[in-house]
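give me a 3D structure for the following:
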Amino acid sequence: MNKRKALGYTQQTLADKLNVSFQAVSKWENGTNYPEMEMLPMIASVLDTSIDSLLGYKPFMVSDYDKRYDTADYYWGITPNNLCYEIMKLRPPIKPLKVLDIGCGEGKDAVFLARNGYIVTAFDLSEAGIEKGKKLAEKWNTHVDFFKADITDFRATKYYDIIFSSGVFHMIKPEIRKEITANLKECTNKNGIHAINVFVEKPFVSEPPDKDANWFRWNSGELFMLYYDWKLHKTEEIIFDCNSGGIPHQHCMDIMIAERVK
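Sure, this is the predicted structure:
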């Protein structure tokens, strides 16, 4: 259901694509019936996902992040990322601007942007993170359209003015990075911006203590090269101290803000 909604499909739309009745789709989603096994590849293809995801298979990183977020406190705190302020300077919400927050975690950045007048959609793989994001939005009496999705499966079908992602793109395997960024670029309005940071491989920076099993660091400058045809407002590489997981360590990160000019 979440994947269908993320793609903007109604039950009837999905039914038409699969050549079944919308009642069949409804029964699949409410658990009263299940599709035949031979239909799974077709359903996965139409929803642009994997059969494992359809069957509810959860890799290690889901349970890992769910455990991190299953606390009263916010694992990453509630202070907005500095990129949020840079977004506001470059694209102030003087008119309705649609934002997509990819890998929103516990929702601190999505809620901050919504509080400041942006129309925000946000997704994460962690159910616990999504629930905490909803509570944070409720606390601030604002709205974010939260949903659950996997960045490796998600493909945008709607257009956005701003696409934001912090500390998430290392979950994307190298072989699908170009495909995913091309999709996000295509689904960005003219003069829209992407504000993204990625963890970068450096031989002198040790692995973080809270590293998960699905960590794929980027090469220095790799992200910037994928936006060679956009106007680059910011390209910065930094090394910073971090205390996530309770053990002091360092990260190297590339930070980019790019604008679609064509």
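
count of neighbours near the nearest residue to Ile176 once chain neighbours are set aside?
Distance criterion C-beta to C-beta, 6 or more residues apart in numbering; nearest residue to Ile176, sequence neighbours excluded, is Thr152 at 6.7 Å. For glycine as for every other residue, the C-beta is placed from the backbone atoms N, C-alpha and C. Residues near Thr152, counting by other C-beta atoms under 10 Å, number 16.

C-alpha coordinates for stretch 26-36, CSV please?
Once non-C-alpha atoms are left out, stretch 26-36 reads as follows in CSV (Å, rounded to 0.1, in the frame of the first residue of the first chain):
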residue,chain,number,x,y,z
SER,A,26,-8.1,-4.1,-2.0
LYS,A,27,-8.1,-7.7,-0.6
TRP,A,28,-4.3,-7.9,-1.0
GLU,A,29,-3.8,-4.7,1.0
ASN,A,30,-6.2,-5.5,3.8
GLY,A,31,-4.8,-9.1,4.1
THR,A,32,-7.9,-11.0,3.3
ASN,A,33,-6.4,-12.5,0.2
TYR,A,34,-3.0,-12.7,-1.5
PRO,A,35,-1.8,-12.7,-5.1
GLU,A,36,-0.7,-15.8,-6.8
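
can you list contacts of it?
Outside stretch 26-36, the residues that touch it by C-beta atoms under 8 Å, 6 or more residues apart in numbering are 1, 4, 11, 24, 43.

quick revisit: give me the pLDDT value at the residue nearest to Ile176.
Note on Thr152: pLDDT of 89.

do Phe216 as well
In this prediction Phe216 is given a pLDDT of 85.

what of Ser206?
The per-residue pLDDT of Ser206 was computed as 70.

for Glu127, same thing?
Among the per-residue scores, Glu127 shows a pLDDT of 91.
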